[in-house]
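S.K.: need a structure here:
(one chain, ligands or ions: 2)
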Amino acid sequence: MIRAAGVMKSFGARRVLRGLDIGVNEGETLVIIGGSGCGKSTFLKCVIGLLRPDGGSIEVDGVDVSKVQDEVQIAEYRRKFGYCFQEGALFDSMTIFENVSFGLRYLTDIPVSRHRGIARDKLALVGLKDIEDMKPAQLSGGMKKRVALARAIAAEPRCILYDEPTTGLDPIMSDIISELILDLKKKLKVTAIAVTHDMKSAYKIGDRIAMLHEGRMIEVADPQALKSTKNPYVRQFIEGHREGPIRMKLREYGEE
Ligand SMILES: Nc1ncnc2c1ncn2[C@@H]1O[C@H](COP(=O)(O)OP(=O)(O)O)[C@@H](O)[C@H]1O
Ligand SMILES: [Mg+2]
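M.R.: Ligands and ions are numbered 1, 2, ... in the order given. Just a heads-up that it's a prediction; the model follows:
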């Protein structure tokens, strides 16, 4: 469904994506792992058309988003996606109902009279009930993440992009969110890309796991194969060792 080839993206002198290649098959969940600041969120933003790559192509259903200029076409393209932001990013001044139905109002022609029902259904899918009239400040961290999931699926996208869906949650809540992501995949048959550095969640939700390092995917494997990888960079990352080739590189570049 998605094919990224040779994607390049720099911010000033910082070359973040340096020829990234990856494909995502219809119905699968691809997990992207990699160190903080390696460009995972940048890649998701390129996929959804929020950032324009400097080079390469990202095709979704055969349409190259990096070449789409027309605003109407970009809006149509974005409708294929539900996006769960890293920060959750709920609108604090809006009620939960207004948050969940936000995309319905701006991205779809679904009549307003149906929005309440849709919001209620999507909140039920993520295990929440009777909170439509509350404000985000009244919810726990885990509930906010679930509202963000409900918002991402409200317009029934074909593909959901999750940016660190479990970061900042306790291990039990992380596991509940991981189960929820699996559940949504089964119920909605969506294609998904999930960025995370929570390896437990990655193994659980990923059909395949790709590791982003220095702007490229240095390994793509199913969870079982990844666990026995010989790639020293991937080993260091998945085992969480302080010493190893990744650290060495950081020293060489003078970054910490
Ligand atoms: N809009 C931006 N302007 C300038 N630099 C950015 C911008 N977005 C991201 N970066 C930089 O690009 C790098 C990758 O960021 P990001 O994709 O957010 O990393 P990750 O999600 O893997 O932690 C970081 O060094 C970050 O500071
Ligand atoms: Mg990020």
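S.K.: what about Asp183, helix or strand, and which?
M.R.: Using DSSP states H and E, Asp183 falls within helix 171-188.
S.K.: the following helix or strand past that helix vs helix 171-188, what angle?
M.R.: As assigned by DSSP H and E, the chain's next helix or strand after helix 171-188 is strand 191-195. Interaxial angle of strand 191-195 relative to helix 171-188 (axes from the mean of the first three to the mean of the last three Cα atoms, to 10 degrees): 160 degrees.
S.K.: helices and strands around strand 191-195, which ones?
M.R.: strand 29-33, helix 40-48, strand 159-163, helix 171-188, helix 199-205 (3 or more Cβ pairs under 8 Å, 6 or more residues apart in numbering; DSSP states H and E). Placement of C-beta: from N, CA and C, glycine included.
S.K.: hmm, 10 Å instead?
M.R.: Packing partners of strand 191-195 (3 or more Cβ pairs under 10 Å, 6 or more residues apart in numbering; DSSP states H and E): strand 14-24, strand 29-33, helix 40-48, strand 81-84, strand 159-163, helix 171-188, helix 199-205, strand 208-213.
S.K.: who does that strand pair up with?
M.R.: Here strand 191-195 is paired, per DSSP bridges, with strand 29-33 (parallel), strand 159-163 (parallel).
S.K.: ligand 1: which of those is closest?
M.R.: Ranking the strands paired with strand 191-195 by proximity to ligand 1 (Cβ to the nearest ligand atom) places strand 159-163 first, at 7.2 Å.
S.K.: averaged pLDDT, the closest one. What do you get?
M.R.: Summarised as a single mean, pLDDT over strand 159-163 is 95.
S.K.: please apply the same query to stretch 234-250.
M.R.: Averaged across stretch 234-250, pLDDT comes to 80.
S.K.: quick one: that stretch to chain centroid distance?
M.R.: 24 Å (Cα atoms, centre = their mean, to the nearest Å).
S.K.: can you tell me what sits against that stretch?
M.R.: 33-35, 38, 197, 199, 202-203, 209-211, 213-214, 218-219, 221, 226-229, 231-233, 255-256 (Cβ atoms under 10 Å, 6 or more residues apart in numbering).
S.K.: list the buried ones in it?
M.R.: If you call a residue buried by 16 or more other Cβ atoms under 10 Å, then stretch 234-250 has these buried ones: 234-238, 246.
S.K.: is that stretch up against ligand 1 anywhere?
M.R.: No. Stretch 234-250 is not in contact with ligand 1 by Cβ under 6 Å from any ligand atom; minimum separation 12.3 Å.
S.K.: cool, thanks, talk later.
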